[in-house]
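> Structure of the sequence below:
(one chain, ligands or ions: 1)
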Amino acid sequence: MSARTPDVVVVGAGIVGASCAYHLASRGLRVTVLERESAPALGSTGKSAAGVRVQFTTRANVALSMHSLPVYREFRERHGFEIGYRDIGYLLLAPEARWERHLQSVALQRSMGAPVEVLDPDDARRFVPIATDGLGGATYGPWDGVIDPHMATHALVSMGRSGGVQYRFDSAVAGIRPEADGGGWRLETTRAETLSCGCVVNAAGAWSGLVGQMAGLDVPVRPKRIQIFLSAPVADERVYPLTVDLGTGVYLRSEGDRILFGLDSHENDSGRNGGFTEGIDWGWLEHVLITGVERYPWWEDLGVDRKGSWWGYYEVTPDNSPVIGANPGAETWIDACGFSGHGIMHAPATGLAVSELVADGRSRTLDISPFGHARFKASPTPVEANIF
Ligand SMILES: Cc1cc2nc3c(=O)[nH]c(=O)nc-3n(C[C@H](O)[C@H](O)[C@H](O)COP(=O)(O)OP(=O)(O)OC[C@H]3O[C@@H](n4cnc5c(N)ncnc54)[C@H](O)[C@@H]3O)c2cc1C
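Numbers count the residues shown, from 1 in each chain. Next up, the predicted model:
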């Protein structure tokens, strides 16, 4: 085989594509990654809040975290690259009405080995100034925190290249069709290049649905604009964990001497530009501040750095869980997309699972069946509640 005939083409050089490519090459496969941007991590990966956590409500998502977080925590020791992991924690503030249910998910997380501390509302004030009205309690994940998604993606790209992965930047996939003999795929790029391969991994993030369409496949992933705001400097020496008020969804965390904060708009504007709405809606900022000030009364005086605020796309599925597995339309097409706001934290597990699926025919280490396409047709599967 020449370098031009890879076994696998990965579409997208975000953190998920880079993880898949690295793991696939580790299994001895020839891998080419096609990325339309000029560098890695310029899609959603570079726009995220960078949070990583074990605190999920479904067994399947906790399992992805329980594989991925140790990888990030030990990345430098295992792989020799600094990826900016900091265990600043996630602090989840649960209203009284949700507290019992929240404790059930803590029991699940702990049963799977995840370290999670249960706090009473006043304890939570050790971490961040909050009003405790209406809170049943709080939980804190000491493994949870942040990484630097750019550093992590670039590390995975370097590791993949050492294993032979070919990266083609400024190479958007413009057309995909099955090989005439049905044995693989032909991909055309905007550089007028054609690649043949046995298998495609669709890691195109918010654009995965569009990439699937090129091949005539249904990939139920749509974009949703998410906005993050940066404050002016905050006079507190503490590093605030990624704190989420589960009652409203308003979240914040320290970023240097400032805070990042936001709220999922749950907007459904898929009619306009296919959901690819651009820019910041400053009216939404007002809504976030008004909603958040009840829990964080010091927001009365919060200054906002408008130039430091930004937006990007979540890549969402109907149940806010990713699609990891073969597409029902073609078994040599693997979808690894639709992370709905947690692709940074689940990229290590996804890369491993995809590599086993391609190399061994099934994911041996992790049970990815809850993330298969079949769930959309089956009876309802547990829906993840900790989506922010
Ligand atoms: C504001 C915000 C906050 C977030 N916060 C968090 C968080 O705290 N924690 C967390 O885990 N996740 C978070 N996320 C979600 C996270 O960013 C994504 O889940 C993750 O980046 C997905 O990675 P990816 O590699 O699948 O997608 P991307 O990083 O989007 O990569 C997909 C790549 O595919 C490329 N591509 C698309 N179409 C084509 C084509 N036709 N040909 C070639 N290349 C193509 C794109 O250019 C892009 O580089 C956040 C997202 C946003 C927007």
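> Tell me the helix or strand right after the helix or strand containing Ile259.
Element membership for Ile259 (DSSP states H and E) is strand 258-262. Using DSSP H and E, the helix or strand that follows strand 258-262 in sequence is helix 282-292.
> which is the next helix or strand following that next one?
Next along from helix 282-292, by DSSP H and E: strand 304-316.
> tell me how far that following strand is from the chain's mean position?
Strand 304-316 has its average C-alpha position 15 Å from the chain's average C-alpha position, going by C-alpha atoms, centre = their mean, to the nearest Å.
> Stretch 277-289 too?
In terms of C-alpha atoms, centre = their mean, the centre of stretch 277-289 is set 22 Å apart from its chain centre.
> Please apply the same query to stretch 56-67.
The answer for stretch 56-67 is 13 Å, by C-alpha atoms, centre = their mean.
> For it, output the C-alpha coordinates as CSV.
Only the C-alpha atoms of stretch 56-67 are listed here, as CSV (Å, rounded to 0.1, in the frame of the first residue of the first chain):
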residue,chain,number,x,y,z
PHE,A,56,-22.5,12.2,35.0
THR,A,57,-25.9,10.5,35.6
THR,A,58,-25.7,7.5,33.2
ARG,A,59,-23.4,4.5,33.6
ALA,A,60,-22.2,4.8,30.1
ASN,A,61,-21.0,8.4,30.4
VAL,A,62,-19.4,7.8,33.8
ALA,A,63,-17.5,4.8,32.2
LEU,A,64,-16.2,7.1,29.4
SER,A,65,-15.0,9.5,32.1
MET,A,66,-13.5,6.8,34.2
HIS,A,67,-11.3,5.8,31.3
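> can you list contacts of that stretch?
Residues from elsewhere that reach stretch 56-67 (C-beta atoms under 8 Å, 6 or more residues apart in numbering): 52-54, 105, 108-109, 112-114, 321, 342, 345-346, 348-350, 352, 365-368, 370-371, 382-386. Just so you know, the C-beta spots here come from the backbone N, C-alpha and C atoms, and that holds for glycine as well.
> buried set for it?
Using 16 or more other C-beta atoms under 10 Å as the test for burial, stretch 56-67 gives 56-58, 60-67.
> For the residues you listed, name the two members farthest from one another.
Greatest spatial distance among the buried residues of stretch 56-67 (C-beta to C-beta): Thr57 and His67, at 17.5 Å.
> number of nearby residues for Asn327?
Asn327 has 20 neighbours, counted by other C-beta atoms under 10 Å.
> now the contacts of stretch 56-67: which count as buried?
By neighbour count, with 16+ other C-beta under 10 Å, those hold 52-54, 105, 108-109, 114, 321, 342, 345-346, 348-350, 352, 366, 368, 370-371, 384, 386 as buried.
> quick revisit: walk me through which strands the strand holding Ile259 pairs with, and which way each runs.
Each strand paired with strand 258-262, and its direction, by DSSP bridges: strand 222-231 (antiparallel), strand 251-255 (antiparallel).
> and the very next helix or strand once past the first one, does that touch the ligand?
The C-terminal neighbour of strand 222-231 among helices and strands, as given by DSSP H and E, is strand 242-245. No. For strand 242-245 and the ligand, the contact criterion (C-beta under 6 Å from any ligand atom) is not met; the two come no nearer than 7.2 Å.
> So which residue is dead centre in this structure?
Of all residues in the chain, the one closest to the mean position by C-alpha atoms, centre = their mean is Gly343, 1.5 Å from it.
> and the nearest residue to that one once chain neighbours are set aside, how many neighbours does it have?
Leaving aside its sequence neighbours, Gly343 sits nearest to Val16 (C-beta to C-beta, 6 or more residues apart in numbering; 5.4 Å). Using other C-beta under 10 Å, Val16 has 35 other residues around it.
> May I see the buried residues of stretch 133-146?
Residues of stretch 133-146 classed as buried by neighbour count (16+ other C-beta under 10 Å): 135-141, 143-146.
> So of those residues, which two are at opposite extremes in space?
Farthest pair in those, by C-beta to C-beta: Gly136 and Val146, 26.4 Å.
> rewinding a little: also compute the angle for the strand holding Ile259 relative to helix 282-292, please.
100 degrees (axes from the mean of the first three to the mean of the last three C-alpha atoms, to 10 degrees).
> Show residues contacting strand 258-262.
49, 226-234, 240, 250-254, 288, 292, 302, 305, 308.
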